[in-house]
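[1] sequence first, then the predicted structure, then my questions.
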Amino acid sequence: MRQQTHAVPAVRIDLSNAEQVKKTRTILADYGLNTICDSGSCPNIHECYGSLTATFMVMGDVCTRGCRFCGVKKGLPRKLNDSEPEMVAGAVRELNLAHVVITSVTRDDLDDCGVSHFVETIKKVRELNPGTVIEVLIPDFGGDEGLIETLMQARPDVIGHNLETTAKLHHLIRPEASYSRSLKVLAQVKKSNPEICVKSGIMLGLGENENDVIEVMMDLKEVKCDIITLGQYLRPTGKQVEVKRYVAQEEYESYRITAERMGIPLIAAGTYVRSSYKANEYYKQFIKKRKC
Ligand code: SF4
């Protein structure tokens, strides 16, 4: 398939959701929580907040790494807020979430890279919201197997860890991360608990070609990833790397077909797909497929 650049379809904003958006923002402010929706300038924010959904970002709003695609602030983060796990649990209850996605900034400054904070958050959310599906979108915890095992003991329902970009572009886009280390994290998660739903994704439009994307899908198949997300990279501000091209819907469709042929259980692909976008819907589809 020839790769071409296309205009991005405009985000549709449903103004009838304004009250719900306001309600979500009020709850988040009342509990003093950060979201990647806001910090990452996600284009789906109106839709997600409008359906009383958000992806909580714990451990502050300052990241210790300097990925070149990301709009989150970089620098020296503040001390952890010990009451944050309880606050997340309270907000999940108030938003009445059937499925919560919890992510974090990368905290290489902490001895345990923040894994105990994740564990505590999962525990508190489960205590207060026993029926809620818990999805965590984790950093690589430095690839430390012991830390990943600690997280596994908390038994989240879904673990996501994004490759973010192809093997070839990793050193340019995520200079402090490693493609092979991220794959190892995913492999360890599945090996430790084959029942867990494992998720990963990349952004397109950063300079990759079709073969690079197929290589990513093959690598993710190899580590038994259950759900793959592919979406268009959109530059959050002028400080991040430029968009190299806009990917057409037909190209996403072609990747979806390829992934299906490879036997990847589920792929979500489209301009505005993000790893936490419609997370509950994709998880339900995955569970249904697994039962068949
Ligand atoms: S897609 Fe994810 S990050 Fe974006 S607004 Fe929705 S929940 Fe937030």
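    It's in. Numbers count the residues shown, from 1 in each chain.
[2] flag the shaky bits of the protein, pLDDT-wise.
    1-13 (pLDDT under 70).
[3] which positions in it make contact with the ligand?
    Applying Cβ under 6 Å from any ligand atom, we find that the chain lies next to the ligand at 36-37, 42, 44-45, 48, 53-55, 274, 276-277. The C-beta positions use only the backbone N, C-alpha and C, and glycine is treated the same way.
[4] neighbour-wise, which of the residues you listed leads?
    Among these, the one with the most neighbours (other Cβ atoms under 10 Å) is S276, at 29 neighbours.
[5] wait, what's in contact with that residue?
    S276 makes contact with 36, 55, 101, 103, 135, 137, 160 under the criterion Cβ atoms under 8 Å, 6 or more residues apart in numbering.
[6] 7 Å - rerun?
    Taking Cβ atoms under 7 Å, 6 or more residues apart in numbering as the contact definition, S276 lies against 55, 101, 137.
[7] by contact count, what packs against the helix or strand where the second one lies?
    The one in question is V101. Taking DSSP states H and E as the definition, V101 sits inside strand 99-104. Other helices and strands packing on strand 99-104, by 3 or more Cβ pairs under 7 Å, 6 or more residues apart in numbering; DSSP states H and E, are strand 55-58, helix 115-128, strand 133-137, helix 279-291.
[8] residue ranges for the helices of the protein, please.
    Taking DSSP state H as the criterion, the chain carries its helices at 18-30, 36-39, 45-50, 84-95, 115-128, 145-153, 170-173, 179-192, 210-222, 249-262, 279-291.
[9] contacts for stretch 122-129 next, please.
    Against stretch 122-129 from outside (Cβ under 7 Å, 6+ apart): 85-86, 88-90, 92-93, 100, 132, 134, 136, 154, 156.
[10] mind listing what's buried in it?
    Neighbour-count burial for stretch 122-129 flags 122, 124-126, 129 (criterion: 16 or more other Cβ atoms under 10 Å).
[11] what about the longest strand in this structure?
    In the chain, with assignment by DSSP state E, the single longest strand is strand 197-204.
[12] ok, now which ones touch the closest residue to G40 other than its chain neighbours?
    Excluding the flanking residues, the one nearest G40 by Cβ to Cβ, 6 or more residues apart in numbering is G71, at 5.2 Å. Applying Cβ under 7 Å, 6+ apart, we find G71 in contact with 39-41, 236-237, 240.
[13] most neighbours of all the residues you listed, which one?
    Going by other Cβ under 10 Å, S39 tops the contacts of G71 with 21 neighbours.
[14] what separation is there between the residue nearest to D140 when sequence neighbours are not counted and the ligand?
    Leaving out its chain neighbours, the residue that sits closest to D140 by Cβ to Cβ, 6+ apart is V185, at 5.2 Å. Distance, V185 to the ligand, by Cβ to the nearest ligand atom, to the nearest Å: 20 Å.
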